[in-house]
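K.L.:
Fold the following for me, if possible:
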Amino acid sequence: MTKTLRLTQTFFAFAVCGAMSLSDDRTFAQGTGQTAHDHSGHGHADHGHADHGHSEHEHADHGHSDHGHAGEGLAFYLPEWNSMHFDDANKAAQHAATLKQLGCEVKQGSHAGHIDVTFRAAMWKELKVKDHNMAQQWATWLSQSGFDVSHSHADPAYFSGPEAVEFRMLNWKKTHGNGAANEQQFVTALRQIGCEVRLNSHDGHSDIAYRAPTWRAVHLADPMAAEQLIGWLNQNGFETHHSR
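P.N.:
Coordinates of the predicted model:
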């Protein structure tokens, strides 16, 4: 009963938020910036179905049949080669090995008495870990290594159900708020399904930016609820896919 009530409230929020005008939205370029799926810069390491809303449904390293929610996941991306300097050969080797395990392209070289580890992840990749603390540790490590990291959490109410809705938005999308009460409902709805959301408050209103750069899945109890969610997602710029 509690789960049904929460989902009902969520879809009420979807209906209200659907009235928000996103006509002035603009898409940002992708940011400058354990089971791994498949910028330019210079850092110095411390010496230490039915498709909806898109023409192609490309699922690199993604299976429709498995929508498990055990543990926690995050996504990372680094389209341009990035180099880090190491004075310790063992630390350089360990860093390179970890990057390779995550599925990154890695090159190593040495000059002027230190070792360069150069790497990139040209496509968004996903990393599954056992819990939130581990996800936070990985997010920090990846960010410090120059990656763009996406880390968010879906409401547990969406972890089970026969209707699976997948969605994705590669780039940040931004809308200007006007202080209306339904803006918070819009933000809550995005976060409940596992989107990454950023708020920037200024001049009496908030700018809302959101994305989901890898395919994410939520589960619903019946086809009508799934179609309502798909309609809301498409209206707000997401690619979607619906499977049973």
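
K.L.:
hey, let's count contacts and neighbours off CA atoms from now on
P.N.:
Fine.

K.L.:
hang on, isn't Glu166 packed against Phe238?
P.N.:
No. Between Glu166 and Phe238 there is no contact, the gap being 9.7 Å when judged by Cα atoms under 8 Å.

K.L.:
Need the residues touching each of these two.
P.N.:
Taking Cα atoms under 8 Å, 6 or more residues apart in numbering as the contact definition, Glu166 and Phe238 share no neighbouring residue.

K.L.:
show me where the chain has strands.
P.N.:
26-27, 35-37, 42-44, 50-52, 72-86, 105-111, 114-129, 148-150, 163-176, 196-202, 205-220, 239-243 (DSSP state E).

K.L.:
The fifth one - contacts with which helices or strands?
P.N.:
Which is strand 72-86. Counting contacts by 3 or more Cα pairs under 8 Å, 6 or more residues apart in numbering; DSSP states H and E, the secondary-structure elements packed against strand 72-86 are strand 42-44, strand 114-129, helix 132-144, strand 148-150.

K.L.:
Need the phi and psi values for Gly179.
P.N.:
The phi and psi values for Gly179, taken as degrees, to the nearest 10, are phi 80, psi 0.

K.L.:
Any idea which helix or strand in the chain has the lowest mean pLDDT?
P.N.:
Across the helices and strands of the chain, mean pLDDT, DSSP states H and E gives its lowest value to strand 26-27, namely a mean of 32.

K.L.:
Surely Ala209 and Trp172 touch.
P.N.:
Yes. Here Ala209 lies in contact with Trp172, judged by Cα under 8 Å, at a distance of 6.1 Å.

K.L.:
mind showing which ranges of the chain have poor pLDDT?
P.N.:
1-71, 204 (pLDDT under 70).

K.L.:
So what's the residue count around Gln108?
P.N.:
14 (other Cα atoms under 10 Å).

K.L.:
Now do the same contact list for it.
P.N.:
96, 115-118.

K.L.:
Could you report the separation of it from His176?
P.N.:
Using Cα to Cα, to the nearest Å, we find Gln108 at a distance of 45 Å from His176.

K.L.:
sorry, back to before: could you say which of the helices and strands packed on strand 72-86 is packed most deeply?
P.N.:
Comparing the helices and strands packed on strand 72-86 by mean neighbour count (mean count of other Cα atoms under 10 Å), strand 148-150 comes out on top with a mean of 21.
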